[in-house]
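> need a structure here:
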Amino acid sequence: MRNLRKTSLWLGLIGSVSLLPLPALAEDSRSPAPDAVQPVIVDTVAAEPSFHDVAAPRGIAMPEPEPAAPVTITAGDLKPSDSLDIPLPDAPAVTLTASDWFRIAMESRLADEAALRELRLSRSERDSLSAFYAQAEKPLAWARDGAWTPAAHAVIGQIRAADEDGLDPADYPLPDPGLRRDAAPAQWAEADLKLSAAVIRYARDARGGRIDLARLSPLITPKLELPEAGEVLARVSAAKDAGAALAAYNPQHPGYQALKARLARLRENHPSQPSVRVPKGRTLRVGMQDPRVPLIRARFNLGEDKDRRNVYDERVASAVAAFQKEKGLPTNGALTPQTVAALSGPPVARMQAELIANMERWRWLPSDLGSRHIMVNVPEYRLRFFEDGDVIHQTRVIVGKEKSQTPIFSDEMKYLVVNPSWTIPPSIMKKEILPAMAADPYYAERKGYKVIRRGNSITVRQPPGERNALGYVKFMFPNQHAVYLHDTPNRKLFSAAKRAFSHGCVRVDQPFELAEQIFGKDGKWTEKRLRGLIGKGERYVHLNTPLPVHLTYFTVVVDEGGEVKRFDDIYGVDRKVQAALGLDS
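This next block holds a predicted model:
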């Protein structure tokens, strides 16, 4: 800012200054290069008194003064050792260093709205970008002395490897890394801003900014941790390892890292595997002929044998045997029905798309899940309770039906309710309760519901008891969707393999065991004591510390043993995410 203030003072002293392309400058150099350039034109004030300073004799009209001629200074007027000192009457000499010229070039670029829009940043991001450069000690963030800094090379390398994290490097255009040392300040300013924009966009996308989640579904409402642009630039540019600092905006959770490793392994093992679906047929052994053999050759990149096109030969059998060994099948080299089924599994492109879509959903979660937290994986119908990275409790759950989906978001559990009552939500009232009451006047009475009328409005409430739809306990984390974890009187549904039966809430198997884990083994609220409250009216039990709860949606996970597990895309979220990311599957 010191140089900027000096520049502003100089401009104010000498009048209007027209800045045209200048000689290329290294940032700490004090003299322009000797190349021919356009002149800098400085309008000065005449040293002699003007006509207005002289009293005119009576009756004599004095002519208007002519403007002073501008002083033109070109690079040819300066020696390489000269600084730009311009003496002015009654004003101190002002020197513009190379750093000043870079700052002037940067200010000019930042003032160009059209140029800033080309960076593909939001209005708030552009404002933060401008504020960052205005406050910076140096005019450029990524270059010094006409060369890219080590930090610049590190972030360029990280951005080029964006596909390792399921991001697309093409989304983050980079400046020319070989920009010449003697390039003009305007070129360096443009390149510096371009790299800053790439860093900002990478960090934003790494934290989940690639997709407009509201367009996917109103039930997908995580609070994304999108980083502020200025904070990103300040942190990354000043880091000892700028590449690592930028990479750290990607999720660091073990679940994400396992999927990332799986993606790398998939690409390494199948760099160009064709997507080939082999039809069913008889078992093939060496020497047999079959029209499916060319498909097998294509699947293993064996090339085409025109003379023995359909012959299942030793080379084909050897490739099949290697595949069988990889998949844990009997390694006999024969094309069995079991081998055909394995060969016709998901093609590489589809498996990559599934992995990347699931990696993307890890970006929706907070960077800090909480040392103790609950995670529900909706497609898996499973709840896990983590403490310091270890699973201390897990159980089956029932989730929402396709027409009443369980939402995806994170919040904090604050209290439990034992013997809860259930006020039926308006959506269920409209779709189920009111039509049932219209068809059967005794429906509410048979169900044990209490109908409360207030003017023209009707509220239906189910009192506590063993018939209550919420069971004996509910776990409250107040949220915009009015969903929570709770018990259920219909426990036989937990035996089903696919358990999407609820109206959106998550029904928990063995809820009192979970409650004891929440309060801790040494807590006063043990399972036995909580059960002792059953039948004693609605009771609220508050947590001393709020407990993070994450309702997630992962169709591909890597378990503790390194095995990949896949679950049905019950709400079509996987398909929507892949489409939003433009993934081919």
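> helix/strand/coil for residue 415?
Secondary structure assignment for residue 415 (DSSP: H, G, I helix; E, B strand; the rest coil): strand.
> ignore what I typed, I meant residue 441.
Applying three-state DSSP: residue 441 is coil.
> pick out the residue nearest the middle of the chain.
Central residue of the chain (C-alpha atoms, centre = their mean): residue 208, 2.0 Å from the mean position.
> list the contacts for it?
Residue 208 makes contact with 222, 224-226, 360, 363-364 under the criterion C-beta atoms under 8 Å, 6 or more residues apart in numbering. C-beta: built from backbone N, CA, C; applies to glycine.
> equivalent analysis for residue 148, please.
So residue 148 contacts 142, 156, 177, 179 (C-beta under 8 Å, 6+ apart).
> now list the buried members of these.
Buried members of the contacts of residue 148, counted by 16 or more other C-beta atoms under 10 Å: 142, 156, 179.
> between those residues, which is closest to residue 116?
Nearest to residue 116, judged by C-beta to C-beta, of these is residue 142 at 17.2 Å.
> for the closest residue to the closest one other than its chain neighbours, grab phi and psi.
If the residues on either side of it in the chain are set aside, residue 142 comes closest to residue 152, at 3.8 Å by C-beta to C-beta, 6 or more residues apart in numbering. Recorded main-chain torsions at residue 152 are phi -60, psi -50, according to degrees, to the nearest 10.
> next one, pLDDT for residue 152 please.
As predicted, residue 152 sits at a pLDDT of 97.
> and the helix or strand harbouring residue 339, what does it pack onto?
Here residue 339 sits within helix 337-343, counting by DSSP states H and E. Here helix 337-343 touches helix 314-327, going by 3 or more C-beta pairs under 8 Å, 6 or more residues apart in numbering; DSSP states H and E.
> off-centre distance for the helix it packs on?
40 Å (C-alpha atoms, centre = their mean, to the nearest Å).
> tell me the buried residues within the contacts of residue 208.
Buried residues within the contacts of residue 208, counting neighbours by 16+ other C-beta under 10 Å: 222, 224, 226, 360, 363-364.
> re the thing from before, got CSV for the contacts of residue 148, with distance to residue 284 and pLDDT too?
Below are the contacts of residue 148 laid out as CSV (distance: C-beta to C-beta, whole Å; pLDDT from 0 to 100):
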residue, distance to residue 284, pLDDT
142, 59, 97
156, 51, 96
177, 53, 84
179, 59, 91
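> pick out whichever of the residues you listed sits closest to residue 296.
Using C-beta to C-beta, these come closest to residue 296 at residue 156, 42.9 Å.
> got the contacts of residue 148 as JSON lines, with secondary structure columns?
What follows is the contacts of residue 148, written out as JSON lines (three-state DSSP):
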{"residue": "142", "secondary structure": "coil"}
{"residue": "156", "secondary structure": "helix"}
{"residue": "177", "secondary structure": "coil"}
{"residue": "179", "secondary structure": "coil"}
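> out of those residues, what pair is the most spread apart?
156 and 179 (11.8 Å).
> give the ranges of residues in this protein that sit below the confidence cut-off.
For the chain, applying pLDDT under 70 flags the ranges 1-94, 270-276, 345-346, 522, 584-585.
> helix or strand for residue 258, which one?
Using DSSP H and E, the element containing residue 258 is helix 254-269.
> residues in contact with that helix?
164-166, 250-251, 348, 351-352, 355-356, 358-359, 362, 389, 554, 556-558, 562, 564.
> try stretch 447-465
For stretch 447-465, the external contacting residues (C-beta under 8 Å, 6+ apart) are 419-424, 429, 433-434, 437, 444, 467-469, 537-538.
> buried ones in the helix or strand hosting residue 453?
Following DSSP H and E, one finds residue 453 within strand 450-454. By 16+ other C-beta under 10 Å, strand 450-454 has no buried positions at all.
> what are the pairing partners of that strand, and which direction each?
According to DSSP bridges, strand 450-454 forms sheet pairs with strand 457-462 (antiparallel).
> beyond the strand it pairs with, next helix or strand please.
Remark: after strand 457-462, the chain's next helix or strand is strand 473-476, criterion DSSP H and E.
> what lines up beside that following strand in the sheet?
Using DSSP bridges, strand 473-476 pairs in its sheet with strand 409-418 (antiparallel), strand 485-486 (antiparallel).
> can you give me how far the last one is from the chain middle?
Just to be clear, that refers to strand 485-486. Centroid separation for strand 485-486 versus its chain: 30 Å, with C-alpha atoms, centre = their mean.
> need the contact partners of the very next helix or strand once past it.
Next along the chain after strand 485-486, taking DSSP H and E as the criterion, comes strand 500-502. With contact meaning C-beta under 8 Å, 6+ apart, strand 500-502 is reached by 381, 398-402, 404, 406, 493, 507, 570.
> could you point out which element follows strand 500-502?
Taking DSSP H and E, what comes next after strand 500-502 is strand 506-508.
> for that following strand, packing partners?
Counting by 3+ C-beta pairs under 8 Å, 6+ apart, the packing neighbours recorded for strand 506-508 are strand 390-400, strand 485-486.
> in that strand, which residues are buried?
Using 16+ other C-beta under 10 Å as the test for burial, strand 506-508 gives 506-508.
> just stretch 251-262 next, same as before
In stretch 251-262, the ones that count as buried by 16+ other C-beta under 10 Å are 251, 253, 255-256, 258-260, 262.
> need the CA coordinates for it. CSV is fine.
C-alpha atoms of stretch 251-262 as CSV (Å, rounded to 0.1, in the frame of the first residue of the first chain):
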residue,chain,number,x,y,z
PRO,A,251,-12.5,-33.8,2.0
GLN,A,252,-10.0,-35.4,4.4
HIS,A,253,-12.5,-37.9,5.7
PRO,A,254,-11.3,-41.6,5.5
GLY,A,255,-14.5,-42.5,3.6
TYR,A,256,-13.6,-40.0,0.9
GLN,A,257,-9.9,-40.9,0.8
ALA,A,258,-10.8,-44.6,0.4
LEU,A,259,-13.0,-43.8,-2.7
LYS,A,260,-10.2,-41.6,-4.1
ALA,A,261,-7.7,-44.5,-3.8
ARG,A,262,-10.2,-46.8,-5.4
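> A helix includes residue 518, no?
Yes. The assignment for residue 518 is a helix, going by three-state DSSP.
> which ones are touching the closest residue to it other than its chain neighbours?
Distances taken as C-beta to C-beta, 6+ apart place residue 547 nearest to residue 518, at 6.2 Å, with adjacent residues excluded. By C-beta under 8 Å, 6+ apart, residue 547 lies in contact with 370, 372-374, 412-413, 477, 518.
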